[in-house]
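A.B. asks: model this:
(one chain, ligands or ions: 1)
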Amino acid sequence: MKSLILYDSLGGNTVKVADTIERSLLKSMSCQMIKVEKELSIDLFEYDLIFMGSPVIDWLPTNTLMSFVKRKMKEYNSMGLIKPSSPIIPGKFGISFGTFAGPHIGENEASPMTMWLNSFLQHLGYTTLDQWLVVGKHNKNPEINKNGRLGNIEDRPNEADLLYIENKVNGILSSLSAWNHN
Ligand SMILES: Cc1cc2nc3c(=O)[nH]c(=O)nc-3n(C[C@H](O)[C@H](O)[C@H](O)COP(=O)(O)O)c2cc1C
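C.D. replies: All right, here's what the predicted structure looks like:
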């Protein structure tokens, strides 16, 4: 399986999760990790297992990641690759992940972001297996890290958060054992 971690991170929290995914994946398969950029040129269909991650910004992914997704949708659509019913392509899997501070309504303000990314992957015909959300302190508004809906999140993501992700990767790889990881 060829795997890809495509992510964005504005303040450094989400890259910690991406790094953890990469480290865990590398124990059993090769993996490419790319921070998304406006003009990134890549063919996602070359990858069998795609992790897409972002900080939650106003409930959604970053503008850079959303612009990338919209551009790829247009491109793949013009190539006839976005089909009615989005037929499932066997052996193609996706997972969305991200970090969020949840200051107002907790995880409810983060799940639109992972759903948005998973919807994109599903449009391509990828089967989305999960969505992983990790708490990450607000880098621009530190005051909110003490009194938001999630309580004190000043040290997040912490070791336990990253261990949670490592375990999740191990679980996913076990569930994909029917596919050759190499
Ligand atoms: C401009 C801005 C908007 C944000 N909007 C949300 C939001 O809607 N919901 C949320 O839970 N967290 C929100 N956050 C908090 C970030 O999602 C969180 O701190 C995340 O861990 C940042 O990741 P990064 O360091 O990889 O950029 C926002 C942060 C910023 C800077």
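A.B. asks: Ramachandran angles for Gly80?
C.D. replies: phi 80, psi 20 (degrees, to the nearest 10).
A.B. asks: In terms of pLDDT, where does it sit?
C.D. replies: We note a pLDDT of 98 for Gly80 in this prediction.
A.B. asks: now swap in Asn182 and tell me
C.D. replies: 67.
A.B. asks: just Ser41 next, same as before
C.D. replies: Looking at Ser41, its pLDDT reads 97.
A.B. asks: Ok, the one 10 residues further on next?
C.D. replies: Per-residue confidence at Phe51 stands at 98 (pLDDT).
A.B. asks: give the contact list for it.
C.D. replies: Contact partners of Phe51, counting by C-beta atoms under 8 Å, 6 or more residues apart in numbering, are Ser3, Leu4, Ile5, Leu6, Tyr7, Ala18, Ile21, Gly94, Ile95, Ser96, Phe97. No exception for glycine: its C-beta is placed from N, CA and C like everyone else's.
A.B. asks: One more pass at 6 Å, please.
C.D. replies: Ile5, Ile21, Ile95 (C-beta atoms under 6 Å, 6 or more residues apart in numbering).
A.B. asks: From the residues you listed, which land in helices?
C.D. replies: Ile21 (DSSP state H).
A.B. asks: So which of the contacts of Phe51 wins on neighbours?
C.D. replies: Using other C-beta atoms under 10 Å as the neighbour test, those are led by Ile21, with 26 neighbours.
A.B. asks: Next, work out how far apart that residue and Asn118 are.
C.D. replies: Ile21 sits at a distance of 16 Å from Asn118 (criterion: C-beta to C-beta, to the nearest Å).
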